[in-house]
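> what follows is a predicted structure for the sequence shown.
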Amino acid sequence: MLGGSLGANILPDWYFVWTDIVLRASFFSNQYVLDGLLTMVGVILLLTLIPWVDRSPARHPAQRPLISILFIALIGELFALTVYGYLTTTALEIASAGEIFEVFVFVPLTIVLLGMVIYRFSPAYVVNKGKLWAIKPEWDYAGIKQEVEAAEALVSTNLYRGEAGADLGGKLKSNPEDKPA
C-alpha cells in the first residue's frame, strides 16, 4: 500500500544516521517536521560557513590549530549523533534546557578541549610557539639576506668538503677522491 506508515525504528544508512537525528529533533513544539527542517537548514548553513571561519594564508594544519580543532569537534559531534541515532528508535523530544546544553554545548566543548590538550603536546605547539591562532612565518628581508650570505660563504670557502680557502675562479675545487669510478 502506497503511503502507509513504516514504523519508528527505520534507520537510514550509517552515513545518514546523524541527519536522521537532526530531522527527528523537536525543540519548540510537537511538530517534528517543522523543527527538524529548520534545524537541518541551520546545519547546512553552518557547514556552508566553515570555509570562512579561518582565512589564514597558511595551508598546513600545524599552522592552523583553530580550524583543526573545529574539524575534530565536527567529526566528534557527527560520530556522537550517529551513535545516538542507533541507540534511539523514537523521535527525540528534548524537554529540558539541561539536555539541550548536554547535546549541543557540552559534547562539542569537551571535544574542543580534548583537541586543545592534544595540540598542546604536539609538535605543532612548538612550531607556533605556544600560540593557539595560526601565525605567519617570521621571514623578513634581513633574515633571508643573512641566510643567503651564510650559504654563499659556505660554498665559496668550500667548507662542506672540509677544504680550506676560497676558489677565486667561481668554481668549486674538485677532489680526485670524490669522482665516481
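It's in.

> look up how far Phe79 lies from Ile144.
45 Å (C-beta to C-beta, to the nearest Å). To be clear about C-beta, it is placed using only N, CA and C from the backbone, and glycine gets the same treatment.

> check Gln146 too.
49 Å.

> what of Gly143?
Relative to Phe79, and taking C-beta to C-beta, Gly143 is found at 44 Å.

> would you mind telling me which of the two has more residues around it?
Taking other C-beta atoms under 10 Å, Gly143 and Phe79 do not tie; Phe79 has more neighbours (13 against 10).

> quick check, pLDDT for the more buried one.
pLDDT recorded at Phe79 is 85.

> thought Thr19 was touching Val41?
No. Using C-beta atoms under 8 Å, Thr19 is not in contact with Val41, being 12.0 Å away.

> more neighbours: which of the two?
Thr19 (18 against 10).

> tell me who's in contact with the more buried one.
For Thr19, the contact set (C-beta atoms under 8 Å, 6 or more residues apart in numbering) comprises 12, 40, 43.

> if you look at those residues, which of them are in helices?
Among these, the residues falling in helices (DSSP state H) are 40, 43.

> from the contacts of Thr19, pick the one nearest Ala150.
Val43 (53.6 Å; C-beta to C-beta).

> count of neighbours near the closest one?
The number of residues packed around Val43, counting by other C-beta under 10 Å, is 14.

> count the neighbours of Gly85 for me.
For Gly85, the count of nearby residues is 21 (other C-beta under 10 Å).

> sort out which residues of the strand or helix carrying it are buried, please.
Counting by DSSP states H and E, the element that carries Gly85 is helix 65-87. Buried positions in helix 65-87, judged by neighbour count with 16 or more other C-beta atoms under 10 Å: 65-70, 72-73, 76-77, 80-82, 85.

> as JSON lines, the residues you listed with distance to Asp35 would be great.
Converted to JSON lines, the buried residues of helix 65-87 look like this (distance: C-beta to C-beta, whole Å):
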{"residue": "Pro65", "distance to Asp35": "35"}
{"residue": "Leu66", "distance to Asp35": "31"}
{"residue": "Ile67", "distance to Asp35": "30"}
{"residue": "Ser68", "distance to Asp35": "32"}
{"residue": "Ile69", "distance to Asp35": "29"}
{"residue": "Leu70", "distance to Asp35": "25"}
{"residue": "Ile72", "distance to Asp35": "28"}
{"residue": "Ala73", "distance to Asp35": "23"}
{"residue": "Gly76", "distance to Asp35": "24"}
{"residue": "Glu77", "distance to Asp35": "19"}
{"residue": "Ala80", "distance to Asp35": "20"}
{"residue": "Leu81", "distance to Asp35": "16"}
{"residue": "Thr82", "distance to Asp35": "20"}
{"residue": "Gly85", "distance to Asp35": "16"}
